[in-house]
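# sharing a sequence plus its predicted fold:
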Protein chains: 2
Amino acid sequence: MKFEAVTIKDIAKALGLSTSTVSRALRDSYEISPETKKLVLEYAEKINYHPNPIALSLKERRSRSIGIIVCEIANSYFSQVINGIESIAQNNGYNVIISQSHESAERELLNLQYLTSRSMDGLIISVSTETRDFSYFRELHDRGMPIVFFDRIVDEIETHKVIADNFKGAYDATTHLVKCGYKRIATLCNTTTLSIGKERLAGYIAALKDNGITPDESLIQYCQHGGLLAAEMDEAMNSLFRLRKVPDAIFASADKLTTGCLRALKSRGLSVPDDIGLIGFSNSELTELLEPSLSVIKQPAFEMGEVATSLLLELIEARHPVTNFQTKVLPTEMFIRQSTQTKKIRTKPVIS
Amino acid sequence: MKFEAVTIKDIAKALGLSTSTVSRALRDSYEISPETKKLVLEYAEKINYHPNPIALSLKERRSRSIGIIVCEIANSYFSQVINGIESIAQNNGYNVIISQSHESAERELLNLQYLTSRSMDGLIISVSTETRDFSYFRELHDRGMPIVFFDRIVDEIETHKVIADNFKGAYDATTHLVKCGYKRIATLCNTTTLSIGKERLAGYIAALKDNGITPDESLIQYCQHGGLLAAEMDEAMNSLFRLRKVPDAIFASADKLTTGCLRALKSRGLSVPDDIGLIGFSNSELTELLEPSLSVIKQPAFEMGEVATSLLLELIEARHPVTNFQTKVLPTEMFIRQSTQTKKIRTKPVIS
DNA sequence: TATTTTTACGCAATCGTTCCCGGCAACGAT
DNA sequence: ATCGTTGCCGGGAACGATTGCGTAAAAATA
């Protein structure tokens, strides 16, 4: 089944002109007489002509499209970022192609190859948890492909980056738990191969230290797939509750980890916030409707998408190679709700 | 900033062959000697050659890509459908381009034009609430573009369609509310210009009638934007609670309406399920963690994406124009949780 | 040895568009 | 009358890949 579109040739033939003349008339070239222009424009309008972007891409080696790679669009944070990206892209006449890695390095590479082969003018990327080898990103970047990383950034590659203030977000959350009287504060975090994993863990540790608490390695649980797999979540929670001294609060450092953690705590029959406090990074709009309503650290997702896109467009439209790259850090916001507001007075750690 | 890729010409020049020979060697043509093939393949591998899909699209007028238009990827239902689409598409060597209408007919049209001009081989579409004019869809379809509608389908256009059993889902939900003892059951629904709006409303009405309850027009509230706008949600809820006889249960017929309704009820200080019962369509994974946990009708979203894609691929790969179109109806599933399980015995309608 | 067949490759058109050249009128200046 | 300008437009190459057709050399046949 084919689908035939109107081309510049059809116009040329119908009007007894050459394709060059039609092309120029459509682009409003000074070389074409007003009458001819009028003729062409009106006829083009009439037969509903639209230039073929594929032919243009081939000719111009650009597509006025930008590619996005995220792990999951089902994640509220990422869908909000994408909306931010779209808003800026559209205002500037760019289209957006979305692809998902599902936290698989292999799929990420395939998406990357697809997007570049489709002549994307630039890429906005948040890397997958699995990715260890950044050579393909580097190669692309070295060969001049404009790339902006956001959220999960790649330190080794020098380009524009956009992140939330992960350290401060984690620091604030942890400090808040301490202030609420929790004593044994555990954390669920991404692998530290991920920038967000590293930074949020650092914030957690710093907050503990600043409050005179010695970080305990056994209270730090890493989730390779960021909570995407139920199994690793169970595994992490089991490890925490097998401890002689179980935690009395948890700081979860990513969207899926936060809600996954609540689910796990509930299924263990634990009462949040009285048996255990919970706070975490989350951009879900439902957290305030949860039982209990969740205290969360929220990232300025939409804004991050906007900023990333503005930076990318700067790169794309730069006349000279850009060497002066920047990393924009946007503030997080803390929402305090029930999940950390225990009335129980905690003097000693709870012993299981 | 440009990004140069390896072309077939580079290989031809380097090996002292013509581009035709290289092309044929790469496609393993019988016309090329084994030695030459080996030479070409090895060199292509070495310099990491990948055929330019844009050039191919231009030549072949197909792109091995399928386009998706949904209203919001942030909606769990749609992101699950997209995952289903991706899984089948990838297995068949197709790529997927996602675009969002944000419930705007204008954006939907722009996306449609973009996707077709990008030589999509086929489209999978769930129309926006705003869309009244289907002429563009029809034109595209008449001109041979393979299209599969899902969820919000267009009755007037004859092509493959995939839907959940909306009537039965709504019927079951409403019947469940009746069985739980609720007497004045209201509904929050999409506009009936939308197929899902129509079918779910019909299911609600049929269930009431079958249980000896006369449907009350004032208990039916329509949301033009499917709950995307907070204002229309407020408006609908105000209308319901301004009634002399306020409802004692609500059936919400879409994802955003369901969670939005819960939010509205809570902000009014009403207790669910005791002051008012709530059940609704939702595919969010968080509904069971909400306060109260929500009774929901769940659609087989992933599967719907799979089925829609299989049907689309059939259309795309058909040798002759297809005229025998089908509408697949997949069953919904009901999950009964706290939001409908009141202990209060209801004999008379609650009077405000 | 002469002729036919096969093998293995190149040429050129094509997809839709842009853009560098070049051409041909008409006109004013010399 | 001739020359240079200007205005307006067409021819054709290019972007990267495929493919029908043509053809030289080698192989097979008469």
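Nice, I can see it.

# contacts and neighbour counts: CA atoms only from here.
Fine.

# which SS state does the closest residue to DNA strand D within the stretch 51-200 of chain A fall under?
Here the stretch 51-200 of chain A gets closest to DNA strand D at one residue, residue A:59, 3.4 Å apart by Cα to the nearest atom of the strand. Assigned by DSSP: H, G, I helix; E, B strand; the rest coil, the conformation of residue A:59 is helix.

# quick one: the residue most central in space within chain A from residue A:246, how far?
In chain A, the residue lying closest to the centroid (Cα atoms, centre = their mean) is residue A:78, at 4.6 Å. Distance of residue A:78 to residue A:246, given as Cα to Cα, to the nearest Å: 33 Å.

# next secondary structure after the strand or helix carrying residue A:265?
Secondary-structure element containing residue A:265, defined by DSSP states H and E: helix A:255-267. Helices and strands here follow DSSP H and E; after helix A:255-267, the next one along the chain is strand A:277-281.

# what residues does the stretch 1-150 of chain A put near chain B?
Taking Cα under 8 Å from any Cα of the partner chain as the test, the list of the stretch 1-150 of chain A residues beside chain B reads A:1-4, A:50, A:52-55, A:57-58, A:61, A:73-76, A:79-80, A:96-99, A:117-119, A:143-146.

# now with 7 Å, please.
A:1-3, A:52-55, A:58, A:73-74, A:76, A:79, A:97-98, A:117-118, A:143-145 (Cα under 7 Å from any Cα of the partner chain).

# which of those count as buried?
Buried residues within those, counting neighbours by 16 or more other Cα atoms under 10 Å in any protein chain shown: A:1, A:3, A:52-55, A:58, A:73-74, A:76, A:79, A:97-98, A:118, A:144-145.

# among the residues you listed, find the lowest-pLDDT one for me.
Least confident entry in these, by pLDDT: residue A:1, with 43.

# residue of the stretch 201-350 of chain A nearest chain B, please.
Distances between the stretch 201-350 of chain A and chain B by Cα to the nearest Cα are smallest at residue A:290, namely 3.9 Å.

# returning to what we had before: what's near enough to touch the residue nearest to the centre of chain A?
residue A:72 (Cα atoms under 7 Å, 6 or more residues apart in numbering or on different chains).

# anything in stretch A:24-39 near DNA strand D?
Yes. Judged by Cα under 7 Å from any atom of the strand, stretch A:24-39 and DNA strand D are in contact via A:30-34, A:36.

# so what's the backbone phi/psi at the residue lying farthest from the centre of chain A?
Centroid-distance maximum for chain A: residue A:16 at 51.7 Å, with Cα atoms, centre = their mean. The phi and psi values for residue A:16, taken as degrees, to the nearest 10, are phi 70, psi 40.

# same check, this time on the one 3 residues further on
For residue A:19, the backbone dihedrals are phi -60, psi -30 (criterion: degrees, to the nearest 10).

# against residue B:262, how distant is it?
Taken as Cα to Cα, the span from residue A:19 to residue B:262 is 60 Å.

# can you classify residue A:148 as helix, strand or coil?
Strictly by three-state DSSP, residue A:148 counts as strand.

# tell me the buried residues in the helix holding residue A:265?
A:255-265.

# give me phi/psi at the residue of the stretch 201-350 of chain A found nearest DNA strand D?
Nearest to DNA strand D, among the residues of the stretch 201-350 of chain A, is residue A:316, at 18.5 Å (Cα to the nearest atom of the strand). Backbone torsions of residue A:316, given as degrees, to the nearest 10, read phi -60, psi -40.

# over to the one 4 residues further on?
For residue A:320, the backbone dihedrals (degrees, to the nearest 10) come out as phi -120, psi 150.

# ok, the closest residue in space to the residue of the stretch 201-350 of chain A closest to chain B that isn't next to it in sequence - contacts?
Distances taken as Cα to Cα, 6 or more residues apart in numbering or on different chains place residue B:290 nearest to residue A:290, at 3.9 Å, with adjacent residues excluded. By Cα under 7 Å, 6+ apart, the contact set of residue B:290 is A:289-291.

# just the residues of stretch A:24-39 next to DNA strand D: which are in helices?
Secondary structure assignment by DSSP state H places A:34, A:36 of these in helices.

# helix, strand or coil for the residue of the stretch 101-250 of chain A found nearest DNA strand C?
When distances are taken as Cα to the nearest atom of the strand, the stretch 101-250 of chain A reaches nearest to DNA strand C at residue A:119, 13.9 Å away. Following three-state DSSP, residue A:119 is assigned to coil.

# now do the one 5 residues further on
Three states are possible here, and by three-state DSSP the one that applies to residue A:124 is strand.

# what about it, distance to residue A:310?
From residue A:124 to residue A:310 the distance is 11 Å (Cα to Cα).

# kindly report the same for residue A:173.
Residue A:173 is 30 Å from residue A:310, by Cα to Cα.
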